[in-house]
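Trainee: quick check, what structure comes out for this input:
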Amino acid sequence: MQAKYMQFDYEEIYFKMQTEHQVKTGIRALLVGCMAGGALMCHSVNCQTATAGMPAKVRTFTMPAVPPEIVSVSERADYLAAHYWDLFDFADTAYIHLPEVTEQAFVDYLSILPYASGPAAREQSVRQLLAGAEGEESGRMYGFFLEILAKYLHEPNSPFRDDELYIPVAHYLIADAHSGEAEKIRMRYTLKGLLKNRPGTVAADFAYVLPDGRQGRLHDIAADCTLLMFYNPDCHACGEIIASIRQSSAIRRLTADGKLAILLFYPDEDVEIWKAHWADIPKDWINGYDRQLKVKNSEIYDLRAIPSLYLLGRDKTVLLKDVNFDRLERFLTENFGK
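Mentor: Alright, predicted model coming up:
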């Protein structure tokens, strides 16, 4: 049987606003001190809407002014995280239909949050956003922000995906007064997956079987860090990630020095497909499959998409969860490259 997990290409970006790198470069420039008259300006986009007999209304988005005495990047980001939506009119549902204003403002907002001083500031900011949106009487604004929060933070192919930031969204919806019981049940299930194998926790252990029949366990791998990749042997996107790993000079150096172990793990039942692709995997990598299908059947990992990359420390603490390759390589270079 074919793998039942959704497959996607990490290189394909479906969001047409800006790439993650472009957004973060511009946002950091703003946070460092791109000030104009004491106000940090977000957009130059103006959108006009009009009804018969009424003048056009200009709708735009402007960040609040950052007090000039706040100079550090993290403090400026904290201020914006707390006040980003202060000037936004949540009651005006026309903004829902102006993605060049509202969705672009949201993308920039997500790009500011990583510079905040810690998780508490980011999580509180998300709760404030949802509370503002929930205050709009029709529920349309709340539904809109729930939708784009899911799109950018939870969809596997989003370059802004952030499970940790989506956890407060899940908690908020489960406790809100607007969502129906069916929505809450779905979100409780989603939250259950989000809470599995979080960064800073010890990754769930499992057994794997090697091509020669020998068995091993994830927690028995001895290395400073372990790259765990859940994959499907005939998945095109998986092949591209494997090629990127093989071509990475940083990863080659770390594996040659014995600092990094690579475990490719096939969680599905079609062993013949796995066997047919043995030759595609470097000999110094660990290539295993799940004979008992424990990972899949017990859902000890939140495998919403294949491929899925985790980086684990020596004690198998999760360093990066379901990360894209570019961020993985940057992290390895910055933290283990010396």
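Trainee: can you pull out the helices in the chain?
Mentor: Taking DSSP state H, the helices of the chain run over residues 20-33, 73-83, 102-112, 119-134, 140-153, 163-175, 181-194, 236-247, 249-256, 271-276, 294-298, 325-336.
Trainee: tell me the contacts of His83?
Mentor: Pro64 (Cβ atoms under 8 Å, 6 or more residues apart in numbering). Bear in mind the C-beta positions are built from the backbone N, C-alpha and C, glycine included.
Trainee: wait, which of the helices of the chain is closest to Val202?
Mentor: Nearest to Val202 among these is helix 294-298; the distance by Cβ to Cβ comes to 15.7 Å.
Trainee: which outside residues touch that closest one?
Mentor: Phe206, Ala207, Phe230, Phe265, Pro267, Asp268, Asp290, Ile300, Tyr301, Leu303.
Trainee: surely the fourth one meets Trp285?
Mentor: No: using Cβ atoms under 8 Å, Phe265 is not in contact with Trp285; the gap is 10.9 Å.
Trainee: pick out whichever of those two has more residues nearby.
Mentor: Per other Cβ atoms under 10 Å, whichever of Phe265 and Trp285 has more neighbours is Phe265, with 20 against 17.
Trainee: phi, psi for Pro67 please.
Mentor: The phi and psi values for Pro67, taken as degrees, to the nearest 10, are phi -50, psi 140.
Trainee: look up how far His83 lies from it.
Mentor: Here the criterion is Cβ to Cβ, to the nearest Å. By it, Pro67 lies 10 Å from His83.
Trainee: make CSV out of the contacts of helix 294-298 and add pLDDT and distance to Cys238.
Mentor: As requested, these are arranged in CSV below (pLDDT from 0 to 100; distance: Cβ to Cβ, whole Å):
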residue, pLDDT, distance to Cys238
Phe206, 97, 19
Ala207, 97, 21
Phe230, 98, 9
Phe265, 98, 11
Pro267, 96, 12
Asp268, 95, 12
Asp290, 96, 16
Ile300, 96, 20
Tyr301, 97, 16
Leu303, 93, 13
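Trainee: so which of these is the most crowded?
Mentor: The most crowded member of the contacts of helix 294-298, judged by other Cβ under 10 Å, is Phe230 (25 neighbours).
Trainee: would you mind measuring from that one to Ala203?
Mentor: Taking Cβ to Cβ, one finds Phe230 at 12 Å from Ala203.
Trainee: what's the distance between the residue lying closest to Glu137 once chain neighbours are set aside and Glu134?
Mentor: Spatial nearest neighbour of Glu137, excluding adjacent residues (Cβ to Cβ, 6 or more residues apart in numbering): Ala91 at 7.7 Å. Here Ala91 is placed at a distance of 12 Å from Glu134 (Cβ to Cβ).
Trainee: ok, now Leu194?
Mentor: On the measure of Cβ to Cβ, Leu194 and Glu134 end up 21 Å apart.
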